[in-house]
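# Generate coordinates for the sequence data below:
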Amino acid sequence: MLCVLGHGMRCDHQGEMHVFEAIVSLCLTLGDGPCRDQLLPGHEALTREACIASLAASVPSLASFDGMGVLSEPTCKPIGTALDVTEVAPGVFVHMGLIEEPDADNRGDVANLGFIIGTNGVAVIDTGAARWMGEALWRAIRQRTDRPVTHVVLTHMHPDHALGAAPFAAAGAQIIGHANLPRALSDRQANYLESLDRLIGVATFIGTQTVPIDQLVQDRHDIDLGGRVFELRAWPLAHTAADLTVLDKTTQTLFAGDLVFHRHTPALDGSLMGWQAVLAELQTMELARLIPGHGGPALDWPQGVAAMERYLNLLETDTRAAIEVGTRLGDAVETIAQGEAPYWELFDAYNPRNATGAFTELEWD
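Next comes the predicted model:
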């Protein structure tokens with residue numbers, strides 16, 4: 001039987017559509033809220049009765065919500081909205097985030113997320129800025145396959161990529177990251193959670209939390225999804241201290257995380273010199289396409305990284321020139337890399353930070 005997918009629907013192995021899912025409502029107070037329904041993944045069904053029966057047969061743990069507010073009893077409702085995704089290669093899907101800063105209107109949907117479907121399971125790459133995004137990505141996967149989500153790879157610690165993982169962890173997926181990721185998240189999670197709660201709104205952010213990292217990658221590690229192997233590679237200090245890439249060997253598609261930006265001004269949170277070195281090494285790889293952390297959603301290879309390389313090179317050149325003539329940092333950030341302004345969005349928000357980081361790094365080089 002052929003299943004024709006519609007909004008908020010997914011197909012099972014018999015080609016029928018699932019239209020109900022399990023939820024629990026989480027409220028911050030006993031009074032008027034705010035409240036938000038939290039997806040309890042793995043109980044999707046054709047009917048409300050079947051969904052409720054699934055809940056009764058396998059009672060979900062709600063322990064992860066402890067201390068976060070007031071919970072209702074789990075129940076079943078019509079399936080919610082899924083993220084829009086594009087199949088950029090066979091079995092490789094990407095959701096393209098907006099080129100914007102997180103706010104109440106975009107609800108934090110500002111980074112690229114993706115997944116790879118293998119014979120035995122699904123691997124997710126990045127999960128968004130809030131729990132609602134992980135839930136919507138789960139639905140997008142369930143519209144395309146019933147295979148279990150076995151792995152979630154977080155490409156680095158920045159909140160627009162890492163804060164939506166909780167639904168996948170609850171469903172039993174293994175959470176994977178760079179060896180430096182747990183420390184990076186631990187050091188910043190309080191600030192990340194507070195700032196995103198303020199930026200996108202408490203009603204949207206309810207239920208969002210970081211999750212433990214189950215597997216750490218020190219160098220390289222292959223994972224087989226069943227006839228489909230993807231390679232994880234941990235990189236030295238570059239965009240951040242915890243950059244991890246995912247290479248789908250079947251289609252030669254590289255999920256680069258924020259090692260590569262497109263349209264969105266790059267954000268330096270590590271080492272300029274290290275980032276340039278990593279970018280040069282990336283360009284020695286034989287790829288069919290690259291998925292950047294922002295923009296795209298898929299870039300031609302290798303020309304897709306030319307703009308990034310040009311920006312970082314000018315950032316270095318202008319910074320060294322300012323240091324050489326004794327320009328003070330406060331004055332230098334007004335001029336460094338300004339020649340790149342026409343080519344990038346959000347330039348005024350990110351370039352001064354990049355210039356400050358580059359100046360601090362290179363003045364002692």
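# For the stretch 51-200 of the chain, just list every one of the helices.
Along the stretch 51-200 of the chain, the segments classed as helices by DSSP state H, counting those that start in this stretch run 131-142, 159-162, 166-170, 181-200.
# Make a markdown table from the ones you listed and add mean pLDDT and distance to Cys76 to it.
Quick note: C-beta positions are derived from backbone N, CA and C, even for glycine. Shown next, in a markdown table, are the helices of the stretch 51-200 of the chain (pLDDT from 0 to 100; distance: least, CB to CB, whole Å):
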| stretch | mean pLDDT | distance to Cys76 |
| --- | --- | --- |
| helix 131-142 | 98 | 14 |
| helix 159-162 | 98 | 29 |
| helix 166-170 | 98 | 16 |
| helix 181-200 | 96 | 27 |
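# check contacts around the closest residue to Leu62 other than its chain neighbours.
Spatial nearest neighbour of Leu62, chain neighbours left out: Leu71 (5.9 Å); criterion: CB to CB, 6 or more residues apart in numbering. Counting by CB atoms under 8 Å, 6 or more residues apart in numbering, Leu71 makes contact with Val24, Ser25, Leu26, Cys27, Leu62, Phe65.
# give the contact list for Pro74.
Pro74 touches Ala22, Ile23, Val24, Leu40, Leu55, Val59, Pro60, Leu62, counting by CB under 8 Å, 6+ apart.
# By neighbours, which of the residues you listed wins?
Counting neighbours by other CB atoms under 10 Å, Leu40 leads the contacts of Pro74 with 24 neighbours.
# so which of the helices of the stretch 51-200 of the chain gets nearest Gly304?
For those, the distance to Gly304 is smallest for helix 159-162, at 19.2 Å, taking CB to CB.
# Identify all contacting residues around that closest one.
Outside helix 159-162, the residues that touch it by CB under 8 Å, 6+ apart are 97, 102, 108, 110-111, 113, 126-129, 154-156, 185, 192-193, 195-196, 210, 257-258, 293.
# Just the buried subset of these, please.
With burial judged by 16 or more other CB atoms under 10 Å, the buried subset of these is 97, 102, 108, 110-111, 113, 126-129, 154-156, 185, 192-193, 196, 210, 257-258, 293.
# A strand includes Ala358, no?
No: counting by DSSP: H, G, I helix; E, B strand; the rest coil, Ala358 is not part of a strand but helix.
# ok, now which ones touch it?
Residues in contact with Ala358, defined by CB under 8 Å, 6+ apart, are Leu268, Leu272, Leu315, Glu316, Thr319, Ile336.
# which residues in the stretch 51-200 of the chain form strands?
According to DSSP state E, counting those that start in this stretch, the stretch 51-200 of the chain carries its strands in the segments 70-71, 75-78, 86-89, 92-95, 113-117, 122-125, 149-153, 174-178.
# sorry, back to before: just put the contacts of Ala358 in JSON lines and tack on distance to Leu216, pLDDT and secondary structure.
Formatted as JSON lines, these follow (distance: CB to CB, whole Å; pLDDT from 0 to 100; DSSP: H, G, I helix; E, B strand; the rest coil):
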{"residue": "Leu268", "distance to Leu216": "24", "pLDDT": "98", "secondary structure": "coil"}
{"residue": "Leu272", "distance to Leu216": "26", "pLDDT": "98", "secondary structure": "helix"}
{"residue": "Leu315", "distance to Leu216": "31", "pLDDT": "98", "secondary structure": "helix"}
{"residue": "Glu316", "distance to Leu216": "31", "pLDDT": "98", "secondary structure": "helix"}
{"residue": "Thr319", "distance to Leu216": "33", "pLDDT": "98", "secondary structure": "helix"}
{"residue": "Ile336", "distance to Leu216": "35", "pLDDT": "98", "secondary structure": "coil"}
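# what angle sits between the longest strand along the chain and helix 131-142?
Determined from DSSP state E, the single longest strand within the chain is strand 35-45. Computed by axes from the mean of the first three to the mean of the last three CA atoms, to 10 degrees, the angle separating strand 35-45 from helix 131-142 equals 20 degrees.
# which residues touch stretch 220-228?
By CB under 8 Å, 6+ apart, stretch 220-228 touches 91, 116-123, 150-151, 215, 229-234, 248-250.
# How far off centre is that stretch?
Centre-to-centre, stretch 220-228 and its host chain are 20 Å apart (CA atoms, centre = their mean, to the nearest Å).
# Please point out which parts of it sit buried.
Ile223, Leu225, Arg228.
# cool, stretch 82-91 as well?
By 16+ other CB under 10 Å, the buried positions in stretch 82-91 come out as Ala82, Leu83, Val85, Val88, Ala89, Gly91.
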